[in-house]
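Asker: Have a look; sequence and predicted model below, questions after that.
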Amino acid sequence: MNETWAIAVALVGFVSLTHIFAPRILDSRLLNKTTSRQDAVASFAGGVGVAYVFVHMLPELADGELAFTQVDIPIFVPDLFVQSSLFFVALIGLVAFYFLDAKAESQPDGSQKLYRIHLGMVSVLSFIFAYTTYDRIEIGVDFAILFAIVMSLHFILTDRGMARAHPNHFRREDRWVLTLALALGLVVSFIAPPPNELWVAIPTAFLGGAVLMGIFREELPNVSVARLGWFTTAVALFSALLLWASYVTL
């Protein structure tokens, strides 16, 4: 195993811990109570997510046209269509998770079928993260580490959202399904690595859209309970780290 794979295993392992220990970080038994701990974590995660979206994700999507240069695009396809394609994929990711959240809230008791779909979609996000980790490390280790932090915070709050939306179905052992999805993504990337950058850019765009939805729904607490100190600290710190990573990667 080379150094890049060692880092990939370490990052995926780190994120897998968030699936396992999320209940201890944000106790699902306190979902109906306002706790300073939950508000602080949510505010910090929201700041990290906002910084990631505006400093890295959106510029990365805007620069995604480079990924399409590695495949044969018919000459009659407009450049504007190519340039906006990854934004459209991100939109699909956002709408898909908004639809699931809306359906879950419209059915307070939930349904087993809806829960399985929701759990499956979160598993897809875990798989995509792990599958693209190796290529992300090759682009820049700093970005890969920062993105792992973003996803760990995202999954912690996703866990809280799942427990709230599906109280009758979401069980502790189901978190191992999400952990298994991470392991599967890493194994598949080792056996069948992405043949070109497009195979990384498209799922990453979908993942970015889902993260953006999570920021709107879970990671930005209501202004009445937001901890502005935690939020602004996270925005400033993570923006600085992302800008530094951009500088050293150049």
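Answerer: Okay, I see it.
Asker: Where does pLDDT dip in the chain?
Answerer: 1, 26-37, 64-83, 108-110, 219, 221-226, 249-250 (pLDDT under 70).
Asker: go with 80
Answerer: Residue ranges of the chain with pLDDT under 80: 1, 23-39, 62-84, 104-112, 164-165, 167-168, 172, 216-227, 247-250.
Asker: where exactly do the helices run in it?
Answerer: Applying DSSP state H to the chain gives helices spanning 3-25, 36-52, 58-62, 65-68, 79-106, 112-139, 141-165, 175-191, 198-214, 228-249.
Asker: Can you check which of the ones you listed gets nearest to Leu220?
Answerer: Closest approach to Leu220 among the helices of the chain is made by helix 36-52 (4.3 Å; Cβ to Cβ). (C-beta placed from N, C-alpha, C; glycine too.)
Asker: What residues sit buried inside the closest one?
Answerer: Using 16 or more other Cβ atoms under 10 Å as the test for burial, helix 36-52 gives 38-52.
Asker: Over to stretch 99-106?
Answerer: For stretch 99-106, burial by neighbour count (16+ other Cβ under 10 Å) applies to 100-101, 104.
Asker: How about stretch 107-124?
Answerer: Neighbour-count burial for stretch 107-124 [16+ other Cβ under 10 Å]: 110, 114-115, 117-119, 122-124.
Asker: Same check on stretch 173-189?
Answerer: By 16+ other Cβ under 10 Å, the buried positions in stretch 173-189 come out as 174-175, 177-179, 181-183, 185-186, 189.
Asker: Alpha carbons only: can I get that stretch in CSV?
Answerer: The C-alpha trace of stretch 173-189 is given here as CSV (Å, rounded to 0.1, in the frame of the first residue of the first chain):
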residue,chain,number,x,y,z
GLU,A,173,-27.1,-0.8,14.1
ASP,A,174,-28.2,1.0,10.9
ARG,A,175,-25.2,3.2,11.3
TRP,A,176,-23.1,0.2,10.4
VAL,A,177,-24.8,0.3,7.0
LEU,A,178,-23.4,3.7,6.4
THR,A,179,-20.0,2.6,7.6
LEU,A,180,-20.1,-0.4,5.3
ALA,A,181,-20.9,2.0,2.4
LEU,A,182,-17.7,3.9,3.2
ALA,A,183,-15.6,0.7,3.2
LEU,A,184,-17.3,-0.4,0.0
GLY,A,185,-16.5,2.9,-1.8
LEU,A,186,-12.9,2.6,-0.9
VAL,A,187,-12.7,-1.0,-2.0
VAL,A,188,-14.3,-0.2,-5.3
SER,A,189,-12.0,2.7,-5.9
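Asker: ok, residues contacting it?
Answerer: By Cβ atoms under 8 Å, 6 or more residues apart in numbering, the surrounding residues in contact with stretch 173-189 are 8-9, 12, 15-16, 19-20, 22, 119, 122-124, 126-135, 155, 159.
Asker: Please consider this matter closed, and thank you.
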